[in-house]
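Colleague: from the sequence below, what's the structure:
(3 chains)
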Amino acid sequence: MPELPEVETIRQDLTRTIVGHTITAAEAYDDMILVNTNPDDFAQRLTGRIINDIARRGKVLLFRLSEDICLLVHLRMTGRLYTISDQEALPEHTRAALSLDDGQRLVFVNPRRLGRLEIGSSTDLGSCRLLTNLGIDALSPEMDGRALEELLQSHQIAIKQFLLNQKHLAGIGNIYASEILFRSRIHPDRPANSLMAAEQRKLLRTMRRVLKEAIDYRGTTVSDYRDGEGKRGSYQSQLQVYGREGESCCRAGCTGTIVRVKHAGRSTYLCPECQRLS
DNA sequence: ACAATTACCTGTATGC
DNA sequence: TGCATACAGGTAATTG
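Modeller: Down below sits the predicted model:
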């Protein structure tokens, strides 16, 4: 569920609330969500560690702990990561929980069990499974016009699917792919390597603007997403095409109607008037 | 190497 | 109400 803006919002929230604290207990209740570890090892390696800082790469959160331990978290479709009080009952579908020295508890809630927690070494992040095949972060300064052009020119796959592939650039998911292409006025079926230089520049500018705006709005809550305190985001109010099939295009002077199509089984929303194939 | 398809899970909404 | 089906913001594995 969460894409770059949602994961970044959680990172900012948790940086404020849990960095500097010590983990006093760590429990995992579901083997399936663990990568390169098991419940006993999970408890043993995390207990007593101090949370030094929280980083993000694409949709992956990295909790850098004392002793060079790094806890990596990918929320996939329905994962939530937020703090509660250790006086509260664990929420339904809690798959793991970290108790902290100040009475907070960080819970990983994941109904569909597609999310993943991995324990790695801060000095050897390259060997972490959650980071393999991850391209440059979409908001990194390294993802500039030259880097994007380089990536686009070697692929003729539809631009929608190109944007969703995390090995090209990391962080964009199904909601923001539709929003970014609509605001760039690029048809989602356009081959990646067919974009003109002006379109490439527009795509890059729009991508940065939309992702940053969504972070300012604390992410998009269509259904499951919650921030680091368990609260909803608000960027859903700003969505211009996603989930708006049958509604009128919002662009001034356009009389088009938003349609929904499929790419690799996933919904794509667009305005056929604003986003032409030819 | 690239692209397309399938599989992994479970909760919710929809239609009959 | 019960049941079948479709769908969901993600990625990995498999196949061509």
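Colleague: next up, the contacts around the closest residue to A:I157 other than its chain neighbours.
Modeller: Distances taken as Cβ to Cβ, 6 or more residues apart in numbering place A:A192 nearest to A:I157, at 5.8 Å, with adjacent residues excluded. Using the backbone N, CA and C atoms, a C-beta is placed for each residue, glycine as well. By Cβ atoms under 8 Å, 6 or more residues apart in numbering, the residues touching A:A192 are A:151-153, A:155-159, A:162.
Colleague: please repeat the previous calculation with a cut-off of 10 Å.
Modeller: Listed by Cβ atoms under 10 Å, 6 or more residues apart in numbering, the contact set of A:A192 reads A:148, A:151-163, A:165, A:168, A:200, A:203.
Colleague: now the closest residue to DNA strand C within the stretch 51-200 of chain A: closest residue in space, sequence neighbours ignored.
Modeller: Nearest residue of the stretch 51-200 of chain A to DNA strand C: A:G173, at 1.9 Å (Cβ to the nearest atom of the strand). Among residues not flanking A:G173 along the chain, A:E3 sits closest, at 3.6 Å (Cβ to Cβ, 6+ apart).
Colleague: repeat for A:R129
Modeller: A:R129 sits nearest to A:V35 (Cβ to Cβ, 6+ apart), 5.2 Å away.
Colleague: roughly how far does the one you found sit from A:G115?
Modeller: 10 Å (Cβ to Cβ, to the nearest Å).
Colleague: can you list residues touching both of those two?
Modeller: Common neighbours of A:V35 and A:G115 (Cβ under 10 Å, 6+ apart) are A:H74.
Colleague: looking only at neighbour counts, state which of these two leads.
Modeller: The neighbour count for A:V35 versus A:G115, taken as other Cβ atoms under 10 Å, is higher for A:G115 (25 against 14).
Colleague: can you name the residues that contact the spatially closest residue to the more buried one that is not a sequence neighbour?
Modeller: Excluding its sequence neighbours, the residue lying closest to A:G115 (Cβ to Cβ, 6+ apart) is A:G79, at 3.6 Å. Taking Cβ under 10 Å, 6+ apart as the contact definition, A:G79 lies against A:1-2, A:7, A:10, A:33, A:59, A:73, A:93, A:95, A:108-117, A:224-226.
Colleague: that older thread, tell me the contacts of the residue nearest to A:G173?
Modeller: Neighbours of A:E3 in contact, by Cβ under 10 Å, 6+ apart: A:58-59, A:75, A:138, A:164, A:171-177, A:211, A:214, A:219-220, A:225.
Colleague: also A:E27?
Modeller: Going by Cβ under 10 Å, 6+ apart, the list of residues near A:E27 reads A:39, A:42-43, A:46-47, A:90, A:94-99, A:105.
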